[in-house]
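Engineer: this one's structure only:
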């Protein structure tokens, strides 16, 4: 067998192995519909991906996903599990008034309920809501203008980031109305001195918005640090920044919704190293 034949055989074996991991080792429990199980698997994957990038905060951050076919139910992490422990079946199903929909041994973080229920009640387009205390995003949340248009990563958020002032740990349900007002129709909101919240039509979109924002925030902090040596920052004109933002959000050229192109590859990569989220 020559090298090309061995290479083709290896590709076949890898594809078969990946297919077996997805279809055989982690079958859908019978009591879940196909659509809900798919949603659970995708949400559990998002938790694992956030953890792999080191953007989680032990057990204290949260990502939620509206249950398909409902308007008032969503899935969220069980309080006490690390992001790299989350599985499709461990996710807790609750509604926007705080009732647990199905039997579980787990509880839900009070702040998680306050934040996520507020968004799910007010934003029909926000199927997935992601909140982290990731370092770079939190760092720029304490700057007056938040994320600056200093890199192409940042351009999609130009004039498209909300700001919510810090009110303490978000356990007061009265804060929900202010969270909703400050988020408005933005895809991203900086929670001042606290962290970041992203909204997506899918877990893939919410995750990629976090990824791009965090990259942009890191670049901003690096550029600002360089200013200590006397270097001045260069910002594109407002007209160019708005043009770039519109290119991203209006899907100009071959630009797709965040996650639409990246998510399948991220899922394949996760399956190769950490497929246990599928149980």
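Structural biologist: Thanks, I have the structure now. Please read all numbers here as calculations on a predicted model, not as lab measurements.
Engineer: could you list the buried residues of stretch 51-58?
Structural biologist: 51, 52, 55, 56, 57 (16 or more other CB atoms under 10 Å). No exception for glycine: its C-beta is placed from N, CA and C like everyone else's.
Engineer: hmm, residue 83 and the first one touching each other?
Structural biologist: Going back to what we said before, that points to residue 51. Yes: applying CB atoms under 8 Å, one finds residue 51 in contact with residue 83, separated by 3.8 Å.
Engineer: pull up the overlap in contacts between the two.
Structural biologist: Residues within reach of residue 51 and of residue 83 at once, by CB atoms under 8 Å, 6 or more residues apart in numbering: there are none.
Engineer: nearest to residue 242, of the buried residues of stretch 51-58?
Structural biologist: Nearest to residue 242 among these, counting by CB to CB, is residue 55 at 28.2 Å.
Engineer: wasn't residue 64 part of a strand?
Structural biologist: Yes: assessed by DSSP: H, G, I helix; E, B strand; the rest coil, residue 64 belongs to a strand.
Engineer: now do the contacts for residue 122.
Structural biologist: Per CB under 8 Å, 6+ apart, neighbours of residue 122: 180, 183.
Engineer: before we move on, the earlier item: and which of the buried residues of stretch 51-58 is nearest residue 77?
Structural biologist: When the buried residues of stretch 51-58 are compared against residue 77 (criterion: CB to CB), the nearest one is residue 56, at 10.1 Å.
Engineer: that closest one is in contact with residue 82, isn't it?
Structural biologist: Yes: Residue 56 is in contact with residue 82 according to CB under 8 Å; the separation is 7.5 Å.
Engineer: how's this protein carved up into domains?
Structural biologist: Using automatic domain parsing, the domain ranges for the chain come out as 1-30, 31-278.
Engineer: need the residue closest to the centroid of this protein.
Structural biologist: Averaging the C-alpha coordinates of the chain gives a centre point, and the residue nearest to it by CA atoms, centre = their mean is residue 207 (2.9 Å).
Engineer: how about that one: what's its closest non-neighbour residue?
Structural biologist: residue 46 (5.0 Å; CB to CB, 6 or more residues apart in numbering).
Engineer: dump the residue contacts of the residue lying closest to residue 251 once chain neighbours are set aside.
Structural biologist: Leaving aside its sequence neighbours, residue 251 sits nearest to residue 257 (CB to CB, 6+ apart; 7.0 Å). The contact partners of residue 257, by CB under 8 Å, 6+ apart, come to 201, 205, 251.
Engineer: again, but for residue 131
Structural biologist: Here residue 131 is in contact with 61, 62, 63, 112, 115, 116, 191, 195, 196, 197, 198 (CB under 8 Å, 6+ apart).
Engineer: which element follows the strand or helix carrying it toward the C-terminus?
Structural biologist: Using DSSP states H and E, the element containing residue 131 is strand 128-132. Where DSSP H and E defines the elements, the next helix or strand beyond strand 128-132 is helix 135-141.
Engineer: residues making contact with that next one?
Structural biologist: By CB under 8 Å, 6+ apart, helix 135-141 touches 146-148, 163, 190-196, 210, 213-214, 217-218, 220-221.
Engineer: could you point out which element follows that helix?
Structural biologist: Counting by DSSP H and E, what follows helix 135-141 is helix 152-155.
Engineer: for that following helix, buried residues please.
Structural biologist: 153, 154, 155.
Engineer: swap in stretch 137-147?
Structural biologist: 137, 138, 140, 141, 146, 147.
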